[in-house]
Structure formats: structure tokens, C-alpha cells
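**Q** what's the 3D shape of this:
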Amino acid sequence: MRRRCLPLLVLLCLLAPTPALAEPLPAQPAGRYLVILDPTTGPPAAQALTHAFLLGIAPDQVFQSALDGYSASVPAGALAALLALPGVRSVVPDLPVEAFGQQMPTGVARVEGISATGGPDDDRAKVNADVAVLDSGIDRDHPDLDVVGGVDCTHGAGGHAGYDDPNGHGTHVAGIAAADDDGQGVVGVAPGARLWAVRVLDDQGHGALSSVLCGIDWVTAHADVIDVANLSLGTPGRRPAGTGCASGDVFHDAICRSVAAGVTYTVAAGNQATDAGQVVPAAYDEVLTVSALADFDGRPGGQAESGCQNDQDDSLADFSNHGAAVDLIAPGTCIVSTWPGGGLAMASGTSMAAPHVAGAAARVKASHPAYRPAQVRSALLAAGGGDWDAADDPDRRAEPLLHVPARR
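**A** Down below sits the predicted model:
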């Protein structure tokens, strides 16, 4: 029997899924909450200001594209009065979220479908697509990354304001998806794709659901520009029983509306070696959920010895979540990618697997600009292969291994 090897960093401080809209909220102490609004009552920003005046609450994030509502600090005793106000559909706790990934001193990881085209700074080597990375930010000055803009949804959490990356996780994810094909550093799956840094995690890689919703809301408002969004993070939860974009799960409904606006979402399956259907957003039908492949030589065959962790070459990574919610598997161990300060680092996790698919989705969009998210999904699933060993996968189901469609 193989010795199990857990990742160095695991998901922390995770709570239960959000309750349904209009579900009565029991008495709660003071704290941070998400207030879901009926847009027919008035603009969310105006309603938030009214509530602040009436009840002394402190709104911060206002949502009006992927969902209607705001996040706020609510004093003790004010929840019942808040729920009774016209236009308030529900009030739910602001849940913590955290990155699915960790830095590892590993060897070089396999990246499918990469071939350099052209020399340094050759525009023919750049993929004409836009990828939003909802994470800890991106090193905006990294020479291997084309960061064109972004937003800070953390309000300067951890003492760091702006969408630059104080943690490293987001920069690593960004490089996997889109590092330049410029003869230096590393090359991403979609070389030179334009990157949007949507900072939703603090300098420790922690965050709140309100920050993630702020990021999704921002991406949705820019859906005419952004093609793909990557979420290498999550919290415990399940696929909602309801259908459509009014299921009652605010996280799901925001992503659902963002996908309907034209954005393809790629999501990490999670690192708990359990069913990905127990984690959101991985459990949601509208996203591309990605598990992690252990690969130590960049080639099929399963003969390479482990260089960074005790795992079996070309198999499901020991830490990776699995199950019916997973759509694709991609390399997720010992991945070399960009790091703040202009350098490189190695990391493992489903956080590293998901941006491989984000880069592939960007390449599909570059070749087929009119494709909707469902068509991008179909193209990637059709191109996927089966050249990996699923014998140790607990669900015994070999999800397609990412095979990136040709760049041209």
C-alpha cells in the first residue's frame, strides 16, 4: 500500500454552505454578514446606505452584477430588524475561504501542450485572451507576466493595499496559466495572455466569502473583456438542490450569473483527498473542476521516481479531491512557476492544476472568440485524454487528462 502524503498546507477554518434565500435566520451575535437584496426595491448601494442610517451597520462591499446585496459588520441585536426591512431577502454569515495550494521544494512538473512559437517579445507567441485570477493578487512587475489591471477586494487586508501579491499563491497560479513565451523564466499554458489580478485573499492566503463575491461581481461587470476566471480556493459545501441562478446558495448563484454573462470558470477540486462534491465552488455544475495529477518527468508511462513528495508517477495526487464533480485532471505536483519579486518557485496542489485548464480555456477562446462557456467546456473535454493510471483513484473513474488544443 502506498504511504499517503498530505500537502504541507491544507484548507483551514472552513464553515458550512450558505443557507437558502429567504430562509429565516436564527439569533446571531455581532459579526460580518452578507445581506441579499431584492433589486426591485432599489439599487443595492442606495439600500445599503439606508440600512446603515437606520440600524448603524457598516456596509463595505456592494454587489450589483453577479448578485444584488452587500457585506457588512452588523452589531448584536440588529439582525432581526435588518431582516424585517423591505427588500432584504436574506442575511447569511460571511464565510472564510482559503487557497488550495502550497509551496513545495520539488522538481520540474509536466505541462501539457506547450510549444514555443517565436522568439522573445514576439507578439505571435502571445495568446489573445484575458484571464482573471481571483486569488492573493499578482506581482504586477513580474517580467514574465502581462498584468493589465485588477482590483483589491480585501480592502487592504493584512496591511497590504492594492492588487499586487503579498503572498505568492496568486502569482504562481498566474504564471501557470499565462507566463510569457519570452525565452526566460517559465512558459504558461496560454503564453502572454492578459492577466487581471483580482485580489480576494490576504497576505496569509486567507479570505472571506464577501471578498470572493466582490471578485466575481467585478469579473461579471467586466465580462465583455474577461474570458476566463480561475478560482484556486474554496470552502465546504454542496451543489445546491435548486436549478438555475436562483438556487439560494449565494456563492453558486453569483458564479452561475457570471457564467451566463460569458465567463468560463476553472476551479480547484481541493486538497483534502475526499469527494470534491463536498467543496464549493468545485461542486457546482457551471464550473470546470480540476483534480491534480502527480507527474515527475513530464511524460506518460508512470516510471519516474518521486522528486518532491511520496507519490506515484502519473496517478491521482495523494492529496487531490476526486469524484463525479471533477471534470478534468491536470498536472498539480512540483509545478515550477512565477513568484513575487521576479523569480520562480515550486508548488503542489489542485491550486496548480486548475490554472493549467484556465490557460487551455484561454487558448480555446483565442481561437474561437465567439465561444460561450459551454462550448469552451466541450472543446476541452473532447480534447482530453486518458493516459494516466486511475488505479489509486478512490472513485476508479479516470477523468480526462488535460490535452491543450493547438495554439494555432
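**Q** pLDDT weak spots in the stretch 1-150 of the chain?
**A** The model of the stretch 1-150 of the chain has pLDDT under 70 over residues 1-29, 101-125.
**Q** residue ranges for the helices of it, please.
**A** Listed in chain order, the helices found in the stretch 1-150 of the chain under DSSP state H, counting those that start in this stretch are 44-55, 79-84.
**Q** Can you tell me how far the residue nearest the centre of the chain is from Leu344?
**A** Closest to where the C-alpha atoms of the chain average out (Cα atoms, centre = their mean) is Leu231, at 0.3 Å. The span separating Leu231 from Leu344 equals 23 Å under the rule Cβ to Cβ, to the nearest Å. In short, each C-beta sits where N, CA and C put it, glycine included.
**Q** residues in contact with Ala193?
**A** Listed by Cβ atoms under 8 Å, 6 or more residues apart in numbering, the contact set of Ala193 reads 126-131, 146, 177-178, 359, 362, 366.
**Q** CSV for those, including neighbour count and distance to Ala197?
**A** Shown next, in CSV, are the contacts of Ala193 (neighbours: other Cβ atoms under 10 Å; distance: Cβ to Cβ, whole Å):
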residue, neighbour count, distance to Ala197
Lys126, 21, 18
Val127, 25, 18
Asn128, 16, 19
Ala129, 24, 16
Asp130, 24, 12
Val131, 30, 10
Asp146, 18, 11
Ala177, 30, 12
Ala178, 35, 12
Gly359, 34, 16
Ala362, 31, 15
Ala366, 18, 20
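**Q** so which helix or strand takes in the closest residue to Trp339 other than its chain neighbours?
**A** If the residues on either side of it in the chain are set aside, Trp339 comes closest to Ala345, at 3.9 Å by Cβ to Cβ, 6 or more residues apart in numbering. Per DSSP states H and E: Ala345 is located in strand 343-348.
**Q** Distance from the chain centre to that strand, please.
**A** Taking Cα atoms, centre = their mean, to the nearest Å, the mean C-alpha location of strand 343-348 is offset from the chain mean by 18 Å.
**Q** got it, and stretch 310-329?
**A** Between the centre of stretch 310-329 and the centre of its chain there are 17 Å (Cα atoms, centre = their mean).
**Q** Just the terminal-to-terminal distance for it.
**A** Length of stretch 310-329, first residue to last, Cα to Cα, to the nearest Å: 19 Å.
**Q** How about stretch 257-265?
**A** Using Cα to Cα, first and last residues of stretch 257-265 are 11 Å apart.
**Q** hmm, back to that, and the contacts of Ala193, which two are the farthest apart?
**A** The two members of the contacts of Ala193 with the most space between them (Cβ to Cβ) are Asn128 and Ala177, at 14.4 Å.
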